[in-house]
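Asker: here is my input; please provide its structure:
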Amino acid sequence: MIRLFVLVFVSIFASVAAAAPPSGSTTWNDWSFSWNVGANFEGLEVSNVTWKGVKVLHKGSMPVIRVQYANNACGPYPDRIGLGSMVSTACQPGDKICLREWTGGNPLLEIGAYAKLGGYDIYQAWYFTRSGWLEAAMWSKGWHCNISHRHHAYWRLDFDIESIANQVWRFHTSGGSTVWQQYNTERDQSVAGLSGVGWWIQNTSGSRFVQLRPWNTEVPDGFAPHDASVRLYRSDENVGWPWGASSQLLFNNGEQLWNRDYVFWWMGHLSHNWDGSDPQGAHWHWVGPAVYMNW
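Answerer: You can find the predicted model right below:
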């Protein structure tokens, strides 16, 4: 349901204006969060996100969009959004951040940033719904090279469900049953071929939990072979994307995670095919994760 609202308001992007500075704090219905454009080129960051007074996310960001072209005919590129690449639109004349509310069957608050990266228009946004969904999206249109390519967007999600120490499982459906996999140590994982995939993240007592589900993503490939990674939190690893376009996510030392502070990375895979149907690059493509509150 929420995705229908997103499609509408992207298509009328210039119709609503909202002025906002490059950092601030917002309270809307049962949500409270801070936001800023940091120094590490992680795009529009949200932090200290709470739902009904309970902390959900210490920090959420999108440190990189790795882009690979067919037959390596162009690039690859590590696209990273910083304040310098953000542009003003009619949503926020003179400002870099768009903050606006949408009404309907499930009202939502949108906060987003519009960036120009080479020949691409990128719109990175966070959507907060009144019913308790938090959705992240990377929208892309345009052509940098007139060649089929894939965008691999990496979200860094430092969950703190009520406390710093958390637990995480991956689940999927098989033969009418739910199959669970507990994440005890750092790992990188592909979930290609699995049905009903998601991740269950909870506090150590199990009294609060969220579910993360993919939206509109495709299967990984050899250039970006993973859908999710988990890492023990270390302050010296909170540095955005310190690698190049061809590098995988590193920092995997096999460290223990259970009941500890960890960072969840979710990778979205999005094809943009040069088939002659969109020579002007006017069509928006999107990918992202959705997080559902359960209290």
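
Asker: tell me the spacing between residue 251 and residue 189.
Answerer: Residue 251 sits 15 Å away from residue 189, going by CB to CB, to the nearest Å. Placement of C-beta: from N, CA and C, glycine included.

Asker: residues contacting residue 114?
Answerer: Contacts for residue 114 (CB atoms under 8 Å, 6 or more residues apart in numbering) come out as 86-89, 91, 98, 121-123.

Asker: which of those has the weakest pLDDT?
Answerer: Across the contacts of residue 114, the member with the lowest pLDDT is residue 89, scoring 79.

Asker: hang on, isn't that one packed against residue 98?
Answerer: Yes: Residue 89 lies in contact with residue 98 (CB atoms under 8 Å); the separation is 6.8 Å.

Asker: who has more neighbours, the two?
Answerer: Taking neighbours as other CB atoms under 10 Å, residue 89 and residue 98 compare with residue 98 leading, 25 against 18.

Asker: for that one, which residues make a bridge with it?
Answerer: Legend: beta-bridge partners of residue 98 under DSSP bridges are residue 112.

Asker: low-confidence ranges in the protein?
Answerer: In the predicted model, the chain carries pLDDT under 70 at residues 1-21.

Asker: max-length strand in it?
Answerer: For the chain, the longest strand by residue count, based on DSSP state E, is strand 54-69.

Asker: rewinding a little: out of the contacts of residue 114, which is nearest to residue 75?
Answerer: Distance to residue 75 across those (CB to CB) is lowest for residue 122, with 15.2 Å.

Asker: tell me which element that closest one is part of?
Answerer: Residue 122 is part of strand 120-129, with elements assigned from DSSP states H and E.

Asker: what's the angle between that strand and strand 54-69?
Answerer: Relative orientation of strand 120-129 with respect to strand 54-69: 160 degrees, computed using axes from the mean of the first three to the mean of the last three CA atoms, to 10 degrees.

Asker: so which elements touch strand 120-129?
Answerer: Other helices and strands packing on strand 120-129, by 3 or more CB pairs under 8 Å, 6 or more residues apart in numbering; DSSP states H and E, are helix 2-11, strand 31-37, strand 44-51, strand 54-69, strand 108-117, strand 133-142.

Asker: ok, and what's touching the third one?
Answerer: When you say that, I think you mean strand 44-51. Taking contacts as CB under 8 Å, 6+ apart, the residues outside strand 44-51 that touch it are 30-38, 55-62, 81, 97, 111-113, 124-126, 132, 134, 293, 295.

Asker: before we move on, the earlier item: and of the helices and strands packed on strand 120-129, who's closest to residue 152?
Answerer: Closest approach to residue 152 among the helices and strands packed on strand 120-129 (CB to CB): strand 54-69, 4.4 Å.

Asker: pairing partners for that closest one, with directions?
Answerer: strand 44-51 (antiparallel), strand 77-79 (antiparallel), strand 149-159 (antiparallel).

Asker: got the buried residues for the first one?
Answerer: This means strand 44-51. Neighbour counts over strand 44-51 (16 or more other CB atoms under 10 Å) mark 44-47, 49-51 as buried.

Asker: let's see the strand holding residue 122 as CSV, backbone CA atoms only.
Answerer: Provided in CSV are the C-alpha atoms of strand 120-129 (Å, rounded to 0.1, in the frame of the first residue of the first chain):
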residue,chain,number,x,y,z
TYR,A,120,22.1,10.2,-12.8
ASP,A,121,19.3,11.9,-10.8
ILE,A,122,19.2,10.1,-7.4
TYR,A,123,16.5,10.7,-4.8
GLN,A,124,17.3,9.1,-1.4
ALA,A,125,14.4,9.1,1.0
TRP,A,126,13.0,7.8,4.3
TYR,A,127,9.3,7.3,4.8
PHE,A,128,7.6,7.0,8.2
THR,A,129,4.0,5.8,8.3
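
Asker: identify each buried residue in that strand, please.
Answerer: By 16+ other CB under 10 Å, the buried positions in strand 120-129 come out as 120-129.
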